[in-house]
Structures are given as structure tokens and as C-alpha cells.
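**Q** Following is a predicted model, sequence given first.
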Amino acid sequence: MRFIGLLFGRFTVKAFWFLDADFEVNRFPMGGAQSSFPGTQVLLGPRAGVHLSHFGIFGKVRPGFIKYDRNPFLSQLGTRAALDIGGTFEIYISYHVAGGSITGTRLSDRE
């Protein structure tokens, strides 16, 4: 299974003044790099914090999964649970454009 040409990234929807729904899809490795365990990660969950005029600070807990591609090293990896816990600091450049820093850890279930 190959994912060439698909768009990956993060999408956030503001639900309430303090709560957002955050969705993220990551593909690794990207850009022609090689990995022993290539896969696709999907995370979805709440992000709570404050939006101020030019910046925002949030905490997040996003459960999801990682689907590993078949590979000759460990063919039984399959799909595993994942959890992203952390925080975000964002700077709003304009109404639709933001930059920032993300900190946290992503956990994956292992046998």
C-alpha cells in the first residue's frame, strides 16, 4: 500500500471559546527517506486553552492509531493504538494563518 500524492497535516475546528477539535495525520518517513518501520499516524481529540488576540496556549490529549506498512523486518506490526499528550503555543499572523511550537509526547502500544 502506497500513499504517494496524499496531503498530510493538522486541521483544527473551534468548538467553544476554550475547546477545539484537533485532527492530525502524519506519514513517516517522508521525502524519500527510508525507515525500517514506515507507517501512517492518525490522531483526533480535544484541545483546551485560550485564544487571545495574537496568540493561544493549549493543552491536548489526542488518542489515535498508527498503521504500519508491511516490511521484511516485522510483518506483524499492523495497526497499533497511539496517544498524544502535550501542549501548544501559537502565534496568529492573520485570521487564517498561525505559527507556533508544539511540545509533548506520543505513546504507542507495543507487545
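**A** Received the coordinates, thanks.
**Q** Identify the residues contacting residue 59.
**A** The contact partners of residue 59, by Cβ atoms under 8 Å, 6 or more residues apart in numbering, come to 47, 48, 49, 86, 87, 88. In short, each C-beta sits where N, CA and C put it, glycine included.
**Q** where do the strands sit along this protein?
**A** Ranges of strands in the chain, per DSSP state E, are 9-14, 19-28, 39-51, 55-68, 79-92, 98-108.
**Q** Switch those over to JSON lines; also include mean pLDDT.
**A** Below are those laid out as JSON lines (pLDDT from 0 to 100):
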{"stretch": "strand 9-14", "mean pLDDT": "82"}
{"stretch": "strand 19-28", "mean pLDDT": "87"}
{"stretch": "strand 39-51", "mean pLDDT": "90"}
{"stretch": "strand 55-68", "mean pLDDT": "89"}
{"stretch": "strand 79-92", "mean pLDDT": "87"}
{"stretch": "strand 98-108", "mean pLDDT": "68"}
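**Q** returning to that earlier point: only the buried subset of the contacts of residue 59, as a ChimeraX command please.
**A** Buried subset of the contacts of residue 59, written as a ChimeraX selection, criterion 16 or more other Cβ atoms under 10 Å:
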select :47,49,88
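**Q** I'd like to know which of the contacts of residue 59 is nearest to residue 12.
**A** Nearest to residue 12 among those: residue 47, at 6.8 Å, using Cβ to Cβ.
**Q** ok, now how distant is residue 70 from residue 9?
**A** 25 Å (Cβ to Cβ, to the nearest Å).
**Q** For the closest residue to residue 15 other than its chain neighbours, give the beta-bridge partners.
**A** In this structure, residue 15 finds its nearest non-sequential neighbour in residue 21, 5.6 Å apart by Cβ to Cβ, 6 or more residues apart in numbering. Per DSSP bridges, the residues bridged to residue 21 are residue 13, residue 46.
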